[in-house]
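Novice: Quick one, structure for this:
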Amino acid sequence: MLLDNFYTILSSESSDSTTWTIQIELNPDHTVYQGHFPEHPVVPGVCLLQLIKECAENIRQQKLQITQVSSCKFLSAINPIETPRIAIVLSLKETEEGKLQLQAEGTVKEKTVNKSIVKEDIAKEEIVKENTGKESIIKEENIKDECFIKLKAALTPKA
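Specialist: Below you'll find the model as predicted:
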């Protein structure tokens, strides 16, 4: 691991022999955030790349090195305090040359947002009695996945 205690793998599941979904919890108290950036922490892009490589190493049970990055898009910043849990979907395919083609997509679940709505929408919504005994109507928005990184790279075993 590049940085001790930077993240914890919560789970790793494979839907087939080439695709894995890895649930990760970031450590928002890690010292890297003191410099990146004080009071407004953001996961450094290089740390995300290293994290993805280390996930691939865990899957393959061998040390790997990135030999080529054909595409890397950072689509949004991750604040580890607001979003400590992320998911990485990895696809690893071996080529005839002995390289691994890696495709990775990192996502976070947007928080469920409760919004008060007007009484006309009562047919669609649930009436909730609050502790005050008053009726209010709450609409729960769907939870969406937000992609924060897309990566295509080639890896080779480290000698």
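
Novice: Buried residues of stretch 59-67, list them for me.
Specialist: Neighbour-count burial for stretch 59-67 flags 59, 64, 66 (criterion: 16 or more other Cβ atoms under 10 Å). Bear in mind the C-beta positions are built from the backbone N, C-alpha and C, glycine included.

Novice: Would you reformat these as JSON lines and include pLDDT, distance to P84 and secondary structure?
Specialist: Shown next, in JSON lines, are the buried residues of stretch 59-67 (pLDDT from 0 to 100; distance: Cβ to Cβ, whole Å; DSSP: H, G, I helix; E, B strand; the rest coil):
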{"residue": "I59", "pLDDT": "95", "distance to P84": "22", "secondary structure": "helix"}
{"residue": "L64", "pLDDT": "97", "distance to P84": "26", "secondary structure": "strand"}
{"residue": "I66", "pLDDT": "97", "distance to P84": "26", "secondary structure": "strand"}
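
Novice: was I right about I9 contacting Q23?
Specialist: Yes: the criterion here is Cβ atoms under 8 Å, and I9 meets it with Q23 at 7.4 Å.

Novice: Reformat the buried residues of stretch 59-67 as a markdown table; add distance to L151.
Specialist: Formatted as a markdown table, the buried residues of stretch 59-67 follow (distance: Cβ to Cβ, whole Å):
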| residue | distance to L151 |
| --- | --- |
| I59 | 15 |
| L64 | 14 |
| I66 | 9 |
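
Novice: the strands in the chain, which residues?
Specialist: Applying DSSP state E to the chain gives strands spanning 7-14, 19-26, 64-74, 85-94, 100-109, 114-116, 126-129, 135-140, 145-157.

Novice: what sits against the residue most central in space within the chain?
Specialist: The centre of the chain sits closest to I86, judged by Cα atoms, centre = their mean, with a distance of 2.7 Å. Contacts for I86 (Cβ atoms under 8 Å, 6 or more residues apart in numbering) come out as 23-24, 26, 78, 106-108, 148.

Novice: Could you do P41 as well?
Specialist: Neighbouring residues of P41 by Cβ under 8 Å, 6+ apart: 28, 33, 79-81.

Novice: Filter those residues down to the buried ones.
Specialist: Among these, those classed as buried by 16+ other Cβ under 10 Å are 33, 80.

Novice: re the thing from before, quick one: closest of the strands of the chain to I52.
Specialist: strand 100-109 (4.8 Å; Cβ to Cβ).
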